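Q: Sharing a model that was predicted from the sequence below.
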Amino acid sequence: MKSSQRHTAAALGCFALSLVGGPVLAQQGAQPAQRGGAPKGDTPQILVATFKSPDRALGVLMADETRKRIQSEHNAQELYATPKNNINNTLEASGYRPDSALNASDLMELAKQLRADQVLDGTVTKAGAGVHVEGRLMIKANQQVLMQPLPPIDGKDAGDAAKMLEKSLVDASKALPAYKKCTNDLRAQKYDDGAASARAGLALYPNSTFARLCLLSAFSLGKASPDSLISASNAVLAVDPTSLIALSNAAEAYKAKGDKDKAIEYNLRIYRADPTNTSIVNSIILDLANSGAPDKALPMIDSLLKDNPGDPAMLSTKWKLQIAAKRYKDALTTGDELIKADTAAATLDFYNRQIAIAQQDSNTAAVQTLAAKASQKFPKDASLQVLLAQGYRKAGQLQQALDAAKRAAEIDPKNTNAWLFAVVTASDLGQADTAQMLAQKAIAAGADKQTLGQALLAPASAALKKAQESKARADWEAMLKAAQTVDAIAPSPQSKFFIGYASFSVAADIVTEVQPLTKSTKKEDKAQACTLSKQAEDLLATTSINMPAGASVDKAAAGQILGGVGQYSDFVSQVKKAFCK
């Protein structure tokens, strides 16, 4: 109920305290307007209030003419029309003008106070020289307002239209006794009897929404099949396309059948029928989100937010719907609005989701901004520091990246990613000793040795590429040193392969240098040949030890190198024998 509706209902409720049987009947008796005297206790009573109209005076006139027509055509003990004075007095005492055209819920509240169990409501507009009227009969069942649309009427004037409207009312009312019997049957859990009573009402008035709704209730309570519920719902909707009861039953039946598209279609019809009902709309939004159609729910939540701007619950729902609909830019904006409206919503989970959204949107600036804000609020969360390190690294701010990675590692010593970022970034900064020290600390803290070993191999890989291009012994020796350093910290097949490759390459280069020395007669050349052959022997031994373990990296290259070790070893042995005396 809108705020104005609540106000009206409250005002009417307050005035009800002054209305008791005696005063009302006394007033009715003082102003007899309907033949037959006072109504009996079981006499149907109908309230005809001001019709809705662009012309307020026409709305009042149409209601007056219709009320008079009912009073003239019906005995007060058959159908009693609430007198106009009673209606006006109640409205005025509640702070409203007597010519107020009320909404459905307020009309039912007014009817309750005036002891009417039916309400005739409608709209009237001028149509050429005459009037056009669309009426509806309303009754209340528990907390629900049931509506019976009446056939549209075109009359030459209000009196002529009232005559036709009263006839339509009489026709529609023929089904009411059967409807009441149907509802009594359902209360007694006689669902088949209830269905029979509803069909009896339809035989008397085929367009009776009351009978059709009771038949739908009989099917629903009797656990009928989804197809039966859908058929019964559509029968109601054929007469009253805005029936929330029928729309809801159809949506649930289609959901039970697994027909997601139809369930969504009927849910959207519910929303269009009553977009101001927050509880209904929230339920529909949840259904749409769960049905995989969050994009269709977003216009609804936007509509609700127009009346409730800054509502944290609605903003949270909108944010989640936008995430589900993959509208990441919008979700980032809504997320910011959410934590402005409710600072308690800025949890670690919230920031992690916002960061994930920014990553999905490839918005690196937003990722970095969010990570910075989150790390200030949650300084003990290592993952946020890792995100900061990633952002700084992408921005080329390597020292800041190293500092953030080291903070993450301090917070969570077993966080391999944190150590990895620190090691790689230190290497990128040319701080090889720092990288090795960090790797040793990481492994000692329990970080994954293999992952860190792969990171440490990056400098060795770069050295390999350089040595392959230059063919210089110094570059091969630099590669060998880098690989041995890594192997000492985190041995792996890759580090073994690099050691075997580099040591063989250095040994091969030494053998090439030794060959001309063996042909020299100079004493110093012979001594040099001896020294170099010993170095080559040690290097070939290193190759023989490491390359079998590294063969899984490149079997073909490992085979060639180990084959070359045998050839070079024979040559080196001969040189040592000849020159090392």
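A: Structure's in. What do you need? Numbers count the residues shown, from 1 in each chain.
Q: hey, let's count contacts and neighbours off CA atoms from now on
A: OK.
Q: least trustworthy helix or strand in the chain by mean pLDDT?
A: Here the helix or strand of the chain ranked lowest by mean pLDDT, DSSP states H and E is helix 21-30, holding a mean of 36.
Q: so what secondary structure elements neighbour the strand or helix carrying Ala365?
A: Assigning secondary structure by DSSP states H and E places Ala365 in helix 364-377. Applying 3 or more CA pairs under 8 Å, 6 or more residues apart in numbering; DSSP states H and E, one finds that helix 364-377 makes contact with helix 348-360, helix 382-394.
Q: so which of those helices is the most packed in?
A: Greatest average neighbour count among the helices and strands packed on helix 364-377 goes to helix 382-394 (a mean of 23), per mean count of other CA atoms under 10 Å.
Q: Quick check: buried residues in stretch 466-484?
A: Residues of stretch 466-484 classed as buried: 466-467, 473, 475-484 (neighbour count, 16 or more other CA atoms under 10 Å).
Q: wait, stretch 44-63
A: The neighbour-count check on stretch 44-63 (16+ other CA under 10 Å) flags 44-53, 58-63 as buried.
Q: Just the closest of those to Ala273, please.
A: Lys52 (18.1 Å; CA to CA).
Q: What score does the spatially closest residue to Ala382 that is not a sequence neighbour have for pLDDT?
A: Distance criterion CA to CA, 6 or more residues apart in numbering; nearest residue to Ala382, sequence neighbours excluded, is Ala408 at 4.4 Å. Here the pLDDT value assigned to Ala408 is 88.
Q: Now do the helix or strand harbouring Phe497, average pLDDT.
A: Taking DSSP H and E as the definition, one finds Phe497 inside helix 493-517. Here helix 493-517 scores 93 as its mean pLDDT.
Q: what are the pairing partners of the longest strand seen in the chain, and which direction each?
A: Using DSSP state E, we find that the single longest strand of the chain is strand 130-141. The sheet places strand 130-141 alongside strand 118-127 (antiparallel), strand 144-149 (antiparallel), strand 153-155 (antiparallel), with pairing taken from DSSP bridges.
Q: now the first one: how far from the chain's centre is it?
A: Which is strand 118-127. 42 Å (CA atoms, centre = their mean, to the nearest Å).
Q: Please apply the same query to stretch 97-104.
A: Centroid separation between stretch 97-104 and its chain, computed with CA atoms, centre = their mean, is 40 Å.
Q: And that stretch, what's buried?
A: For stretch 97-104, by 16+ other CA under 10 Å, it's Pro98, Asp99, Ser100, Ala101, Leu102, Ala104.
Q: which residues sit in contact with Glu134?
A: The contact partners of Glu134, taken as CA atoms under 8 Å, 6 or more residues apart in numbering, are Gly122, Thr123, Val124, Pro149, Leu150, Pro151, Pro152, Ile153.
Q: what's the closest non-adjacent residue to it?
A: Counting by CA to CA, 6+ apart, Pro152 is the residue found nearest to Glu134 once chain neighbours are left out, at 4.8 Å.
Q: Would you mind measuring from that neighbour to Gly159?
A: Pro152 is 15 Å from Gly159, where distance means CA to CA, to the nearest Å.
Q: Looking at these two, which one has more neighbours?
A: Gly159 (19 against 14; other CA atoms under 10 Å).
Q: Can you tell me which of the helices and strands packed on helix 364-377 has the worst average pLDDT?
A: Between the helices and strands packed on helix 364-377, the one with the least mean pLDDT is helix 382-394; it has a mean of 87.
Q: Packing partners of that helix?
A: Under the contact definition 3+ CA pairs under 8 Å, 6+ apart, helix 382-394 sits against helix 364-377, helix 398-411, helix 416-428.
Q: ok, 10 Å please
A: Contact here means 3 or more CA pairs under 10 Å, 6 or more residues apart in numbering; DSSP states H and E; on that basis helix 382-394 packs against helix 348-360, helix 364-377, helix 398-411, helix 416-428.
Q: Could you say which of those is packed most deeply?
A: Taking mean count of other CA under 10 Å, helix 416-428 is the most buried of these, at a mean of 25.
Q: residues touching the residue nearest to Glu134, list them.
A: By CA atoms under 10 Å, 6 or more residues apart in numbering, the contact set of Pro152 is His132, Val133, Glu134, Gly135, Arg136, Ala161, Met164, Leu165, Ser168.
Q: State the pLDDT value of the residue nearest to the second one when sequence neighbours are not counted.
A: It refers to Val133. Excluding its sequence neighbours, the residue lying closest to Val133 (CA to CA, 6+ apart) is Val124, at 4.5 Å. The model reports Val124 with a pLDDT of 96.
Q: So for the host helix or strand of Asp160, what gets flagged as buried?
A: Using DSSP H and E, Asp160 falls within helix 158-173. Within helix 158-173, the residues scored as buried using 16+ other CA under 10 Å are 158-166, 168-169, 171-173.
Q: How about stretch 123-136?
A: If you call a residue buried by 16+ other CA under 10 Å, then stretch 123-136 has these buried ones: Thr123, Val124, Thr125, Lys126, Val131, His132, Val133, Glu134, Gly135, Arg136.
Q: For that stretch, what is the distance to the chain centroid?
A: Relative to the chain's own centre, stretch 123-136 is displaced by 45 Å; criterion: CA atoms, centre = their mean.
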